[in-house]
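Visitor: sequence and predicted model, in that order:
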Amino acid sequence: MSKYPPPPGSMSGNNPPPYYAVPHWPPHPSHPPHYPPPDPNHPHPPGYPYYMPGTVMIPVPLGAYPLPANDPPPQPTYVTNYIYNGEPSSGPPVESQVHVVESSGDFDWIPTTATTAHNLSGKAVLGGREGWDGSPLWVIRAWHCGDLIPGKLSVRHNTASVMYNGKEISVQNIEVLCAKPENLRWVPASNGNIPPGAIAGGRTANGETLYVGRARYQLSITPGKVHPSHKSCYIGFGGNEVSVNVYDVLSRI
C-alpha cells in the first residue's frame, strides 16, 4: 500500500492501464497463424480469428444484476454489507470442522514477479482495491523468513507485499492465485474462524496453515492472511501489518 498519491499525469486516463493485454493482429509474416484454411462453404467473418478477453472477478453491489426466479438469493459478504448497507453481516454459522482445499483444477498458484504479473490479467483472482485510487489488488503469496504468506499485488503499480512481524514486506518473486470466478466465493468470518472449503494460502515456519482472507480498512479492501491461532486477518497498509478481527475468507463453492 503506497502512502503517497501517484505522480502528476499517471492517472490521466490517456493510456490504458498496464494490466490490460493488447492483442497483436494481424500476425507478423514471420509468424503465420496456426489454423486451417477457410472453408469456402462456411466462410469466416472478416478478421477471424479474433481476440476474446478473459473474465475478471469484480465485486459488484447486491442487486446490480437480477437473478433468475428459481435461484436462491446470494450470500452477502461482510465487505459488501459494510459498504452498501452500513452494517456488517453476521454471516452463516461457522462449522467446527475445517476442510482445506487445494485441489488441481479449482485454482492454481502461478509463479511470476510483481513487474510481469500483468500477463495474468483475466485469470487472476481480484481480492480488493486500493482506497486512494481504486486500482485492483490481486491475491498472491510469497516466501519470507520461512513462511509462505498470502498477500496482495497492486497490478497497476507493479508492487506486491506480504505481512510479517508487524510490517508490510515488499516482495518481488510471487505466486498469483488464478481461478474461474464461479469456482470461488468470499465467505464472512471473524476472530480466527475458518469456513468449510477455505483456501489454504500458505503456512508458517512451524507448520500452521494460513488462509486467504481480505478485510476493509479505511477506504481499502485488501487481501491478506488469516492466522487462526492469532484470531485475526492481517493486511498490509502504509508499510504496517494491520490486524482485523472481522473479515472474509476465500472459499471453494
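Guide: Okay, I see it.

Visitor: quick one: residue 151 and residue 138 touch, right?
Guide: No: in this structure, residue 151 is not within contact of residue 138 by CB atoms under 8 Å, at 9.7 Å. No exception for glycine: its C-beta is placed from N, CA and C like everyone else's.

Visitor: more neighbours: the two, which one.
Guide: Remark: of residue 151 and residue 138, residue 151 carries more neighbours, 32 against 27, as counted by other CB atoms under 10 Å.

Visitor: who's in contact with the more buried one?
Guide: 140-142, 160-163, 171, 174, 223-225, 236 (CB atoms under 8 Å, 6 or more residues apart in numbering).

Visitor: top of the residues you listed by neighbour count?
Guide: Result: residue 224 is most packed of the contacts of residue 151 (other CB under 10 Å), 36 neighbours.

Visitor: give me the mean pLDDT for stretch 180-200.
Guide: Over the span of stretch 180-200, the pLDDT mean works out to 95.

Visitor: return the set of buried residues in it.
Guide: The neighbour-count check on stretch 180-200 (16 or more other CB atoms under 10 Å) flags 184-190, 192-200 as buried.

Visitor: looking at those, which one is closest to residue 133?
Guide: residue 186 (22.0 Å; CB to CB).

Visitor: so which strand or helix has the closest one?
Guide: strand 184-190 (DSSP states H and E).

Visitor: can I get that strand as CSV, trimmed to CA atoms?
Guide: C-alpha atoms of strand 184-190 as CSV (Å, rounded to 0.1, in the frame of the first residue of the first chain):
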residue,chain,number,x,y,z
LEU,A,184,-14.7,-19.4,-5.5
ARG,A,185,-16.6,-17.0,-3.2
TRP,A,186,-15.8,-14.8,-0.3
VAL,A,187,-17.3,-16.0,3.0
PRO,A,188,-17.7,-13.7,6.1
ALA,A,189,-15.9,-14.9,9.2
SER,A,190,-14.3,-13.4,12.4
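
Visitor: for the contacts of residue 151, which one is nearest residue 125?
Guide: Once CB to CB is applied, the member of the contacts of residue 151 that ends up nearest residue 125 is residue 223, at 8.4 Å.
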